[in-house]
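*Asks:* Here you go, sequence then predicted model.
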There are 4 protein chains.
Amino acid sequence: MSRLKVALLGAAGYTGAELIRLIDLHPELELVYVGARENAGQTLGNVIPALEGVRGLSQMVLESFDEGDAEKLRDRVDVAFTALPHAASARLGGALYDAGIQVLDLSADFRLRDLGTYETWYGPHPRPDLLAQAVYGLPELYAKQLEGARLIACPGCYPTSAILPLVPLLRAGLVTLDHPIIVDSKSGVSGAGRKPGAAYHLPEAAEGMRPYKVAGTHRHTPEIEQEISVAAGRALSVLFTPQLAPMSRGILTNVYASARAGLKAKDCLEAARSVLDSDLITILPEGRLPDTLHVRGSGRAQIGYAVDERTGLVLGMCTIDNLARGASAQAICALNLSRGWQLSTGVPRIAQFP
Amino acid sequence: MSRLKVALLGAAGYTGAELIRLIDLHPELELVYVGARENAGQTLGNVIPALEGVRGLSQMVLESFDEGDAEKLRDRVDVAFTALPHAASARLGGALYDAGIQVLDLSADFRLRDLGTYETWYGPHPRPDLLAQAVYGLPELYAKQLEGARLIACPGCYPTSAILPLVPLLRAGLVTLDHPIIVDSKSGVSGAGRKPGAAYHLPEAAEGMRPYKVAGTHRHTPEIEQEISVAAGRALSVLFTPQLAPMSRGILTNVYASARAGLKAKDCLEAARSVLDSDLITILPEGRLPDTLHVRGSGRAQIGYAVDERTGLVLGMCTIDNLARGASAQAICALNLSRGWQLSTGVPRIAQFP
Amino acid sequence: MSRLKVALLGAAGYTGAELIRLIDLHPELELVYVGARENAGQTLGNVIPALEGVRGLSQMVLESFDEGDAEKLRDRVDVAFTALPHAASARLGGALYDAGIQVLDLSADFRLRDLGTYETWYGPHPRPDLLAQAVYGLPELYAKQLEGARLIACPGCYPTSAILPLVPLLRAGLVTLDHPIIVDSKSGVSGAGRKPGAAYHLPEAAEGMRPYKVAGTHRHTPEIEQEISVAAGRALSVLFTPQLAPMSRGILTNVYASARAGLKAKDCLEAARSVLDSDLITILPEGRLPDTLHVRGSGRAQIGYAVDERTGLVLGMCTIDNLARGASAQAICALNLSRGWQLSTGVPRIAQFP
Amino acid sequence: MSRLKVALLGAAGYTGAELIRLIDLHPELELVYVGARENAGQTLGNVIPALEGVRGLSQMVLESFDEGDAEKLRDRVDVAFTALPHAASARLGGALYDAGIQVLDLSADFRLRDLGTYETWYGPHPRPDLLAQAVYGLPELYAKQLEGARLIACPGCYPTSAILPLVPLLRAGLVTLDHPIIVDSKSGVSGAGRKPGAAYHLPEAAEGMRPYKVAGTHRHTPEIEQEISVAAGRALSVLFTPQLAPMSRGILTNVYASARAGLKAKDCLEAARSVLDSDLITILPEGRLPDTLHVRGSGRAQIGYAVDERTGLVLGMCTIDNLARGASAQAICALNLSRGWQLSTGVPRIAQFP
């Protein structure tokens, strides 16, 4: 079988670099085209220094890609990953889709099903006509819809880490919803992207643990709410607190909700095992708790639960690698399912430990 | 004025090392005696490598101290810091107290006013007779009681970071208490003490963000509940989630509670400014958020608030240095107040930045 | 083709964990047996928390393996990796070798060709009879000897990083050897192994850059000397300075030697390109310098050179991942060559970036 | 005694921030004026977030300072620290000096005594007339010259860490100089300043150990050579290799030189104890080695030596905090000596440990 030809737009960012690493590990994929905005004309080896000297990749030149170029790729590529800023991603990904190329978009552009919600948080949408085609690419939850999908909206990193532990509780009716759900997340600094800034400057980021965009001002809020509302069968709001932790990769998310009377941790674990049966999700046995180190570099998520009888609250915990399961590895899982392959084909199942 | 003569029991741990650093900066204190359990007979320079070559300290020999030695210190020292494991701290600190020496205890032994609660979480108390003498040494909240206090229970690190942002909300009645308070804390690894272990081994702790002792199993839970119950005027429970963050020092604590209708962040800030008026507490203006880096090495706490109208929740945030404001620097502030000195005498007001 | 059956002795250490990760990525290998000394009876998921929940591995039980068990493995496994303390590794690896199983030993036991040198640094050798069978598994330098090799001594991490930049200079006669070669190396903390200790305790290792075992006292010294002496055609001594850097993985080694008159950096690069032609080695163009981040998690080494005309010295620089190219990935490369496969089969060519 | 009034130009950088922290700890200094270039008009609390809420400092406004303003400061300040980019520092520091104000310059502008050397490395010098007035402010080596000094050139961070271990060897004639001296230094990222950049972006700096500006291209080279040539009594060249280590603060420098026949480590230690007798320098006993963690935040330097008989080389090792002993704390030590105070007045003698 000949490998799928892959194009990547946005190769110079972290999710782009991670995609290149993962595509190189995948037995059925071959990277044939890389595009970038600011770094067009440079080689991959220059733009991503870890690629310098990697045969077949180091000397690939980043192409300046615009809508008009989509047609030219029609016969050269089978699938495109778009890892661009919002709006640009929809515009260019849309053009590729129109040209008959399967598109996996890693921006926020196709994640929100409701156009109004999108516009509230992001502004005008360049391709609202495509919203209905897009499948939300959380593979364990949308496996059926992903079969044959041609436009896949890859989930955000924070939402992935919040949705995974919440959906089993909500689908199984284990929480009462009489109190707002709280999502307290800690992310490695790579989640902020590759553009340097004071908050990410090592001397000011190492030994710095800090919240930002709190109290419903972070754009991942509506994505979390969309997916947990589906699971609950009613509209839910969350209080979402993103925080930067002094590390490169990884997200730990704690979710807090009111437990149904008599709920035990084992009920939660059982619900999770049933909803999230996957080669790439570890439902931790009671008493063991997730750790970002234990998923680093892999497509794996770790999930654990605890119930506090004194306060009547349930705590769900989830760790992922924000660039892998929170972005690029999850995109490849979605592609795998869309093509009828095993979920974890070519995706590292095991974290780099330590 | 001649300086106070200080004894330190438990010099080989991190809070001990931090006390030595701070005593050296304090114009009115002089360290004259150091005791330790396992390292007796060694020099400070051997036990704390940062003290090697520090004149007047490097060659001090750690003494093996037992109850019987308290009397011998009566004329040699004015004040003793005890930074020992629980029970040992009460036993030896109690003996020093009996010998007429002022005692600042950094263990948990005198923090809980209720003997039963202590015994539930820690086991038998060697000196229950002293519980009523002890003043809880959170300087801004117990300034009056600290005047002349001879037995001071220095607060725990997590409790300090939770109590500071919660007490103003509770005293001012800004939260409704119809839902349990949640305390989500992230601590640097030094909070686990100096004894090496797999969870603190750099390769397994760097890049590792992980919860531990969740759902009401961490011993700091009753201390938080004690103090916020006083502030609220009724018994309160909290769900406390401690987490290790991949850094050496620092705690970031988020507290979540149900906001009174119409509450604004500025109301919270105003309450905090009134209750926590201090040379060592920064109530951040709206829109600025705390950062552990900004308090590192100092006696300072940073506090901020946000209110989420959609969910009706208030979020309080606090950062401290767990070894400084969360232990040793706070102990010195308490000593300062007990002696009628300015709160921040000899205490670094400014974090080491970066 | 059916996959090779692999046994791993020493599964609970970091090189063991890394081998498991890499074997899982390799299309021709299948892990069928894991042994360990202290953790026998436990599951892999317990001993290596990143393996918890990994299907097919999580529940594998670590076997207590002794010499007498070698025969039983004869028909079950094709190849064994031994990642045990020295002496134990030779003893048990030797037994497996005697049973007809191909052995890749990751300890120091078969690296030194001279028995006397081994005994000086390590003590009695349990299997001196095998020293002559062992091939030194640095794949680019011993490709021919590795073909069909049944006992492979996998190089040490520091030696790999020193030998790679030095051998091209020495083979091509670009340095004068009128002054001792200096090897100044900085290693991530995982190089010290998985056993916790004060020097590796995060609070004392983060922000700590420190030398240890300096001035010819580190056991990797004779291994470096052995290999560079072969390349130079005469006995050479080095001054080797190992240092711990505050990171988990990675080694940066600087080598200093006296340059032949008129030497230019491009001469060094040319020599390196010729000697180290490999899918897994990047010879950096002039003006670009190695970085541990750019090889992390991969089998890649980065090498650069600079010549200082004022002092007449040449500086060679090399970065590797100590657990990957410095241990487990390099072992798999050696296995690949021994089986007639491509050097990089199943080995990540691309670092996890960032 | 009333405290000295201090002005600080360049308050927004890291050495500026560190000066503010240290001035606040100093019993004889009072900060009365802060200037900055890009941040003029902002408050200190905005520009240095760790100062937010610090009474008396948080609301100080950064002034835009130009040469013409020097006269206005004549009666308001006694001493000025200039921590500006080169050329700007000499120009503005020169104006303050002309106005009768004592100046401690933390840039490179007054460090090199030879104008030609300065111009080769930095370009035109705005105040060559002042070069002869400047005293090189390495306090232990220039204590006499610092008495009453009115223009003090505060040493660079790398040079401080190289000069301290080399000067005793050279003054005592313990090295033969028949081979160039090698200086291999590892610095925390704060040494690169506060301006964000890709190399300092946490995701690309954490876990990254890398050389830069190698082989005589770093501007600190001539400063090291100047001072060791003075000590040796003849012109010396060094090969200097600066490297970034994945930490915020600290420098570890290894110096390599040819040992005089029969040299022992204890000879080196003895020489160092004699030349560097200081309250702020630890000459480590044989067998103990420096660590950046053990000097962090303090004015202390740690120095150790080892001699390798096999290669005939001596290794000197030194750790400092690049922002403290390598810049701001050392500047205050120099000021102390210039005023006839104790070297360590108001300077932390003890590192923040851990």
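*Replies:* Ah, there it is. Predicted, not measured: the structure shown is a model, and the values here were computed from it.
*Asks:* residues from the stretch 51-200 of chain A in reach of chain B?
*Replies:* Listed as neighbours of chain B in the stretch 51-200 of chain A under the rule CB under 8 Å from any CB of the partner chain: A:179-180, A:182, A:184, A:186, A:188. Any C-beta I mention is one placed from the backbone N, CA and C, and that applies to glycine too.
*Asks:* quick one: which of those residues sit in strands?
*Replies:* The strands in this structure, assigned by DSSP state E, contain A:182, A:184, A:186 from those.
*Asks:* which among the residues of the stretch 51-200 of chain A next to chain B gets closest to chain D?
*Replies:* Distance to chain D across these (CB to the nearest CB) is lowest for residue A:188, with 7.4 Å.
*Asks:* Report the separation between the closest one and residue D:190.
*Replies:* 21 Å (CB to CB, to the nearest Å).
*Asks:* from what I can see residue A:6 touches residue A:78, true?
*Replies:* Yes. Using CB atoms under 8 Å as the test, residue A:6 is close enough to residue A:78 to be in contact (7.2 Å).
*Asks:* returning to what we had before: nearest to chain C, out of the residues of the stretch 51-200 of chain A next to chain B: which one, please.
*Replies:* Within the set of these, residue A:188 lies nearest chain C; the separation is 9.2 Å, counting by CB to the nearest CB.
*Asks:* Could you tell me the phi and psi values at the closest one?
*Replies:* Listed backbone geometry of residue A:188 is phi -70, psi 160, with angles given as degrees, to the nearest 10.
*Asks:* how about it, what does it touch?
*Replies:* Listed by CB atoms under 8 Å, 6 or more residues apart in numbering or on different chains, the contact partners of residue A:188 are A:244-245, A:247-251, A:292, A:322, B:207, B:209, D:203.
*Asks:* The stretch 51-200 of chain A: helices as residue ranges?
*Replies:* Taking DSSP state H, counting those that start in this stretch as the criterion, the stretch 51-200 of chain A carries its helices at A:70-73, A:88-98, A:115-122, A:143-146, A:157-171.
*Asks:* May I have the longest one as PDB, with CA atoms only?
*Replies:* By that I understand helix A:157-171. Coordinates of the C-alpha atoms in helix A:157-171 are reproduced here as PDB (Å, rounded to 0.1, in the frame of the first residue of the first chain):
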ATOM      1  CA  CYS A 157      -5.700  21.200  24.400                       C
ATOM      2  CA  TYR A 158      -7.600  22.500  27.500                       C
ATOM      3  CA  PRO A 159     -11.000  21.200  26.300                       C
ATOM      4  CA  THR A 160      -9.600  17.700  25.600                       C
ATOM      5  CA  SER A 161      -8.300  17.600  29.200                       C
ATOM      6  CA  ALA A 162     -11.700  18.800  30.600                       C
ATOM      7  CA  ILE A 163     -14.000  16.900  28.400                       C
ATOM      8  CA  LEU A 164     -12.400  13.500  28.900                       C
ATOM      9  CA  PRO A 165     -13.000  13.300  32.600                       C
ATOM     10  CA  LEU A 166     -16.400  15.100  32.600                       C
ATOM     11  CA  VAL A 167     -18.200  13.300  29.800                       C
ATOM     12  CA  PRO A 168     -18.400   9.900  31.500                       C
ATOM     13  CA  LEU A 169     -19.800  11.500  34.700                       C
ATOM     14  CA  LEU A 170     -22.400  13.400  32.700                       C
ATOM     15  CA  ARG A 171     -23.500  10.700  30.400                       C
END
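*Asks:* tell me the mean pLDDT for it?
*Replies:* The pLDDT scores in helix A:157-171 average 98.
*Asks:* quick one, it and strand A:181-187 angle?
*Replies:* Going by axes from the mean of the first three to the mean of the last three CA atoms, to 10 degrees, helix A:157-171 is angled at 150 degrees with respect to strand A:181-187.
*Asks:* how about helix A:157-171, does it get close to chain C?
*Replies:* No. Helix A:157-171 stays clear of chain C (CB under 8 Å from any CB), getting no nearer than 13.3 Å.
*Asks:* what sits against the residue of the stretch 201-350 of chain A at minimum distance from chain C?
*Replies:* Closest contact between the stretch 201-350 of chain A and chain C, by CB to the nearest CB, is at residue A:282 (2.7 Å). Contacts here follow CB under 8 Å, 6+ apart; on that basis residue A:282 touches A:300-303, C:52-54, C:58.
*Asks:* I'd like to know how far it sits from residue A:323.
*Replies:* 19 Å.
*Asks:* Next: residue A:340.
*Replies:* Distance of residue A:340 to residue A:323, given as CB to CB: 26 Å.
*Asks:* the more surrounded of those two?
*Replies:* Applying other CB atoms under 10 Å in any protein chain shown to residue A:340 and residue A:323 shows that residue A:323 carries more neighbours, namely 32 against 9.
*Asks:* just checking, that one touches residue A:15?
*Replies:* Yes. In this structure, residue A:323 is within contact of residue A:15 by CB under 8 Å, at 6.1 Å.
*Asks:* related to what we said a few turns ago, so residue A:6 and residue A:78 - more neighbours on which side?
*Replies:* Set side by side, residue A:6 and residue A:78 show more neighbours around residue A:6, with 25 against 19, by other CB under 10 Å.
*Asks:* Now the residue of the stretch 201-350 of chain A closest to chain C. Nearest residue, chain neighbours left out?
*Replies:* By the measure of CB to CB, 6 or more residues apart in numbering or on different chains, the closest residue to residue A:282 outside its immediate chain neighbours is residue C:53, 2.7 Å from it.
*Asks:* what about stretch A:307-327 and chain D, touching?
*Replies:* No. Using CB under 8 Å from any CB as the criterion, no contacts between stretch A:307-327 and chain D are found, and the smallest distance is 9.2 Å.
*Asks:* Show the end-to-end separation of that stretch, please.
*Replies:* Using CA to CA, to the nearest Å, one end of stretch A:307-327 lies 30 Å from the other.
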